[in-house]
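Asks: could you look at this predicted model? Sequence included:
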There are 2 protein chains.
Amino acid sequence: MAVSATTRAQIVEAADRLFYEQGFEHTSFTAIAETVGISRGNFYYHFRTKDEILAAVIDFRIETTRDMLRQWAAETADPAQRIRRFIRIVLTNGADIREFGCPVGTLTAELAKLRHPSRPEAVALFTLFRDWLAGQFTALGHHPATADAMALHVLAFSQGVATLANAFGDDDFVRREVDRLEAWLAGGLTL
Amino acid sequence: MAVSATTRAQIVEAADRLFYEQGFEHTSFTAIAETVGISRGNFYYHFRTKDEILAAVIDFRIETTRDMLRQWAAETADPAQRIRRFIRIVLTNGADIREFGCPVGTLTAELAKLRHPSRPEAVALFTLFRDWLAGQFTALGHHPATADAMALHVLAFSQGVATLANAFGDDDFVRREVDRLEAWLAGGLTL
DNA sequence: GAGATCCTAGGACGGCCGTCCTAGTCGCTG
DNA sequence: CAGCGACTAGGACGGCCGTCCTAGGATCTC
């Protein structure tokens, strides 16, 4: 049981990374098996289909994200500071983003094109950030509707920056946009 | 020769649409052949590999985009009005974007994950818009470096909005963000 | 009207894909 | 130590993929 849980976790983590780096469809069972170091047949014991792995990966990402947001909330009480932490993800994860884009945005886009049944679960990852950000803006004294609009604005910022960072690999551009949005956050928060 | 040119063009246009709707890798020779209404074998006469089709599709998109930008330049002399036209693409093509995302952004992201040799050509599509936008900002009296930063800012806006529109399908959000960026364009153009 | 050229249809090929089966190993429990 | 459940390795399967070959039809030239 302990060993199987480890193997299962190893599969999920390897798939998580491979889905991010190569895309869901392009990642084969063989590639995951080789990464983990298990036989391809053994696989079937833990996951019956590739879609089941995807579902597990999305659940894993949701859990990981929840933990991260909780961590942020525990470390800083100021909502503005929390939002700033989100804004700076594009710097913190700059190298990965330049190479592979945003994990959430690219997965959601791919599943949309595949018309994959798990698409709503991937979108839920976006919703997680959206609701958390909206909560911070609400804590800053904004009405819920305004707070949600601001949350979407911040999300759009990070998606746009991630996409262009991936395309052009321009770190200066990322820094400039981060500065701009932080100024917006510190200033009027005009929408 | 006239017939072959037509067939070739039909293949490119069908592939263009399918690559957009389903992604490059997910689109098979069979799917393209069925869309055009030709046999799968005949294909090989016009394109020897799938990568050749991709290259032709990217060339086609570059040509189409160039035509569109020329058209815009011909129709309106005011640079600000031209930029506004670009900003409003997310509204004009709202239905497609909600369903499939931005054609340029999603293709670039996919080719990055596939480490595909044609990735630079896809990025060139971005560069086309980037340079054109920078040209408009220059015409508004900004220095080249500033104009380029503004161009990237507008591009990031459209990518962010397209990604979230695809994820959430929220038309109000798109309209709100368009209004906001148009206000920025009409106002200070602060970066 | 014969022949060269352009174009097409249909199918064969090797390969990798996701899926599934089976025999067997390990470790725990009684 | 017998038995059972958890776990693994290896390989077989049908199917679709991209690629490639070949024979024949259409069209144009002299």
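Replies: Thanks, I have the structure now.

Asks: so who does the residue of chain A found nearest chain B touch?
Replies: As assessed by CB to the nearest CB, chain B sits closest to A:Gly160 within chain A, at 2.9 Å. C-betas here are computed from N, CA, C, even on glycine. Contacts for A:Gly160 (CB atoms under 8 Å, 6 or more residues apart in numbering or on different chains) come out as B:155-161, B:163.

Asks: ramachandran angles for the spatially closest residue to A:Asn166 that is not a sequence neighbour?
Replies: Nearest residue to A:Asn166, sequence neighbours excluded (CB to CB, 6 or more residues apart in numbering or on different chains): A:Gly101, at 4.2 Å. Main-chain dihedrals, A:Gly101, degrees, to the nearest 10: phi 80, psi -170.

Asks: and A:Gly101, what does it touch?
Replies: Residues near A:Gly101 by CB under 8 Å, 6+ apart: A:162-163, A:166, B:109, B:112-113.

Asks: which one of those residues is nearest DNA strand C?
Replies: Of all the contacts of A:Gly101, B:Lys113 has the smallest distance to DNA strand C: 14.5 Å, by CB to the nearest atom of the strand.

Asks: same list, the contacts of A:Gly101, but as a markdown table with distance to A:Leu128, pLDDT and neighbour count please.
Replies: As requested, the contacts of A:Gly101 are exported to a markdown table (distance: CB to CB, whole Å; pLDDT from 0 to 100; neighbours: other CB atoms under 10 Å in any protein chain shown):
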| residue | distance to A:Leu128 | pLDDT | neighbour count |
| --- | --- | --- | --- |
| A:Ala162 | 17 | 98 | 30 |
| A:Thr163 | 20 | 98 | 31 |
| A:Asn166 | 22 | 98 | 24 |
| B:Ala109 | 21 | 98 | 29 |
| B:Ala112 | 25 | 98 | 21 |
| B:Lys113 | 23 | 98 | 24 |
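
Asks: next, A:His142: secondary structure please.
Replies: coil (DSSP: H, G, I helix; E, B strand; the rest coil).

Asks: check the gap between it and B:Arg40 for me.
Replies: 57 Å (CB to CB, to the nearest Å).

Asks: equivalent analysis for A:Ile97, please.
Replies: On the measure of CB to CB, A:Ile97 and B:Arg40 end up 39 Å apart.

Asks: repeat for A:Glu177
Replies: For A:Glu177, the distance to B:Arg40 - CB to CB - is 46 Å.

Asks: in chain A, which residue sits closest to DNA strand D?
Replies: As assessed by CB to the nearest atom of the strand, DNA strand D sits closest to A:Gly41 within chain A, at 1.8 Å.

Asks: give me the contacts around the host helix or strand of A:Ala14.
Replies: If you go by DSSP states H and E, A:Ala14 is part of helix A:2-22. When contacts are defined by CB under 8 Å, 6+ apart, helix A:2-22 is touched by residues A:27, A:31-32, A:35-36, A:38, A:42-43, A:46-47, A:53-54, A:56-57, A:60-61, A:96, A:99-100, A:103, A:106-107, B:113-114.

Asks: any of those buried? List them.
Replies: Taking 16 or more other CB atoms under 10 Å in any protein chain shown as the criterion, what is buried in the contacts of helix A:2-22 is A:27, A:32, A:35-36, A:38, A:43, A:46-47, A:53-54, A:56-57, A:61, A:100, A:103, A:106-107, B:113-114.

Asks: among those, which are located in strands?
Replies: Assigned to strands by DSSP state E, none of the buried ones among the contacts of helix A:2-22 qualify.

Asks: which among these are in contact with DNA strand D?
Replies: Among those, the residues lying close to DNA strand D (CB under 7 Å from any atom of the strand) are A:38, A:46.

Asks: show me how far the helix holding A:Ala14 is from its chain's centre.
Replies: Remark: helix A:2-22 is offset 16 Å from the chain centroid, using CA atoms, centre = their mean, to the nearest Å.

Asks: buried set for that helix?
Replies: By neighbour count with 16+ other CB under 10 Å, helix A:2-22 contains the buried residues A:7, A:10-12, A:14-22.

Asks: sorry, back to before: compare A:His142 and B:Arg40 (neighbour count), which wins?
Replies: Between A:His142 and B:Arg40, counted using other CB atoms under 10 Å in any protein chain shown, A:His142 has the larger neighbour count: 17 against 12.

Asks: distance of that one relative to B:Val174?
Replies: In terms of CB to CB, A:His142 sits 21 Å off from B:Val174.

Asks: how near is the residue nearest the centre of chain A to A:Arg40?
Replies: Geometric centre of chain A, nearest residue: A:Val104, 3.9 Å, by CA atoms, centre = their mean. According to CB to CB, A:Val104 stands 29 Å off from A:Arg40.
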